[in-house]
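# Here you go, sequence then predicted model.
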Amino acid sequence: MALWSLAYGFVVAAAVPGNLVVIWIILAHRRMRTVTNSFLVNLAVADAAVAALNLLVNFLYALRGDWYFGAGYCRFQNVFPITAVFASIYSMTAIAVDRYMAIIDPLKPRLSTTTTKIVIGSIWVLAFLLALPQCLYSRIKVMPSRTLCYVQWPGGPKQHFTYHIVVIILVYLFPLLVMGITYTIVGITLWGGEIPGDTCNKYHEQLKAKRKVVKMMIVVVVTFAVCWLPYHVYFILTAVYQQLNRWKYIQQIYLGSFWLAMSSTMYNPIIYCCLNKR
C-alpha cells in the first residue's frame, strides 16, 4: 500500500504542475498561440484534470474497495476519465491532421483561431456523449461493511464488454491508425530527401523546425499508445476470462496497468522540455 501510494502520489505531483506550466507558457505568450499549441493546451487541460480530479480517487477505491465520495462524484468519476482521454487522443489526432495539411499541402489555408476553437469544443462534446452511458448507469450500493460505486448495465456483462470494445476502437485504435498513416506520410515527405534546387538557409531552417515538431508529436503519441495498451488488454482479458478476477494477484495487476495508463498524464511536459527549446 505504501509503495502504490508513493507511485500514484508521484504521478499527481508531476502531472498537475507540469501541465499547468505548459498551459501558462502557451496562453501567456502571444507568439506561442499557434494551431498546434492550441491543441496542446487542450491536451494539457485534459491531463491535468484527470490527474487532479480522478487519479487518487480511483486509486483509493481500487485499493480499499470502499467508496467514500458520494453518489454525485460516483457519476463524475465514471464519466470524466473517458471524456478526458477521448479529448486527449483526439487533440493529438487533430495535431497530426494539421501537420499533414501544413506539410503535404502547404498552399491550402490553415485552420483559423475560430475553427480551432470549434474543433476543440466538438472534441469535448463528442467525448462527453461517448462517456454518457456510464454516467446514466452509475449506481451507489450501501452495504453494512462498505459502499460500492459501479456501473449497472441493463444488458449485463455482455453489454459492458460491447461498450468497452467500442471505447477501445474509438478512443484508442482508430485515432492511432489515423495518426500512424498521417505521420508516416509526413515522415516520408520530411525525411525522404531535399527539394531539388532549393538549398537556401531559410528552407533548411523551416525544414528543421517542421521535423522537430513532428518528431516531438510522434514521441507523444507512442508514449500514449504504450501507456494505455496494458490497461485495455487487462479489461478485455478479465471480461473474456472472468476467472482471472478471482486470481490472488489480480488487484496488483490492475493497479499496475492503471498506474501506467495514468502516468501518461505526466510525460508530455517532460517530452516538450526535452525536444523543443521553445
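That came through, no problem. Numbering: from 1, shown residues only.
# When you work out contacts or count neighbours from here on, use the C-alpha atoms and nothing else.
Noted.
# now the helices for this protein?
2-28, 35-50, 56-64, 70-104, 113-136, 157-168, 174-191, 201-240, 250-275 (DSSP state H).
# Columns distance to M143 on top of these, output as JSON lines?
Shown next, in JSON lines, are the helices of the chain (distance: least, C-alpha to C-alpha, whole Å):
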{"stretch": "helix 2-28", "distance to M143": "26"}
{"stretch": "helix 35-50", "distance to M143": "28"}
{"stretch": "helix 56-64", "distance to M143": "14"}
{"stretch": "helix 70-104", "distance to M143": "14"}
{"stretch": "helix 113-136", "distance to M143": "21"}
{"stretch": "helix 157-168", "distance to M143": "22"}
{"stretch": "helix 174-191", "distance to M143": "40"}
{"stretch": "helix 201-240", "distance to M143": "25"}
{"stretch": "helix 250-275", "distance to M143": "21"}
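# Next, format the ones you listed as a markdown table and append mean pLDDT, mean neighbour count and distance to T147.
As requested, the helices of the chain are exported to a markdown table (pLDDT from 0 to 100; neighbours: other C-alpha atoms under 10 Å; distance: least, C-alpha to C-alpha, whole Å):
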| stretch | mean pLDDT | mean neighbour count | distance to T147 |
| --- | --- | --- | --- |
| helix 2-28 | 91 | 16 | 21 |
| helix 35-50 | 90 | 22 | 23 |
| helix 56-64 | 81 | 16 | 10 |
| helix 70-104 | 87 | 21 | 9 |
| helix 113-136 | 91 | 16 | 18 |
| helix 157-168 | 88 | 15 | 21 |
| helix 174-191 | 88 | 17 | 37 |
| helix 201-240 | 84 | 16 | 23 |
| helix 250-275 | 88 | 18 | 18 |
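# Need the phi and psi values for S112.
Dihedral angles of S112 (phi, psi; degrees, to the nearest 10) stand at phi -80, psi 170.
# For S145, which of the helices of the chain is the nearest?
Among the helices of the chain, helix 56-64 comes nearest to S145, with 11.7 Å by C-alpha to C-alpha.
# Which residues does that closest one contact?
1, 8-9, 12, 67, 77, 251, 255 (C-alpha atoms under 8 Å, 6 or more residues apart in numbering).
# And stretch 92-105, by the same measure?
Counting by C-alpha under 8 Å, 6+ apart, 35-36, 39-40, 43, 108, 110-111, 175-176, 178-179, 182-183, 185-186, 189, 214, 217, 221 sit against stretch 92-105.
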